[in-house]
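Structural data only, the sequence is not supplied:
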């Protein structure tokens, strides 16, 4: 039986938050931003929600 790998959490740095806010303002699609930042769409959406900013090109 294959071993399960434990997922690692990656903290958001000040630079990550700055980048997220910049892409929010530019209305970058979440899928594109997800690949760029190497994070899941859900993670990005949760962080944006906590920061009180919108995310995605259709909002």
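Now that the structure is in, tell me what you want to look at. Just so you know, these numbers come straight off a predicted model, no measurement behind them. Numbering: from 1, shown residues only.

Neighbours of residue 44, how many?
By other CB atoms under 10 Å, 23 other residues sit near residue 44. From N, CA and C alone the C-beta is placed, and that goes for glycine too.

Can you give me the distance of it to residue 11?
Using CB to CB, to the nearest Å, one gets 14 Å for the distance from residue 44 to residue 11.

Could you do residue 54 as well?
Counting by CB to CB, the gap from residue 54 to residue 11 is 23 Å.

more crowded one of these two?
Neighbours were counted for residue 54 and for residue 11 using other CB under 10 Å; residue 54 has more, 11 against 5.

what's the closest non-adjacent residue to the more buried one?
Closest residue in space to residue 54, ignoring its immediate chain neighbours: residue 24 at 6.0 Å, by CB to CB, 6 or more residues apart in numbering.

helices and strands around the helix or strand encompassing that neighbour, which ones?
Element membership for residue 24 (DSSP states H and E) is helix 14-26. Counting contacts by 3 or more CB pairs under 8 Å, 6 or more residues apart in numbering; DSSP states H and E, helix 14-26 is packed against helix 30-37, helix 41-51.

ok, and for it, which residues are buried?
Neighbour counts over helix 14-26 (16 or more other CB atoms under 10 Å) mark 20, 23, 24 as buried.

what's the angle from that helix to helix 41-51?
90 degrees (axes from the mean of the first three to the mean of the last three CA atoms, to 10 degrees).

and the spatially most central residue of the chain, how far is that from residue 7?
The residue lying closest to the centre of the chain (CA atoms, centre = their mean) is residue 44, at 2.3 Å. In this view, residue 44 and residue 7 are 16 Å apart by CB to CB.

How about residue 15?
Look at residue 15 and residue 7: by CB to CB, they are 22 Å apart.

With adjacent residues omitted, what lies nearest to residue 29?
residue 57 (4.9 Å).

Any idea how many residues pack against that neighbour?
Residues near residue 57, counting by other CB under 10 Å: 12.

right, and it touches residue 26 too?
No. Judged on CB atoms under 8 Å, residue 57 makes no contact with residue 26 at a distance of 9.1 Å.
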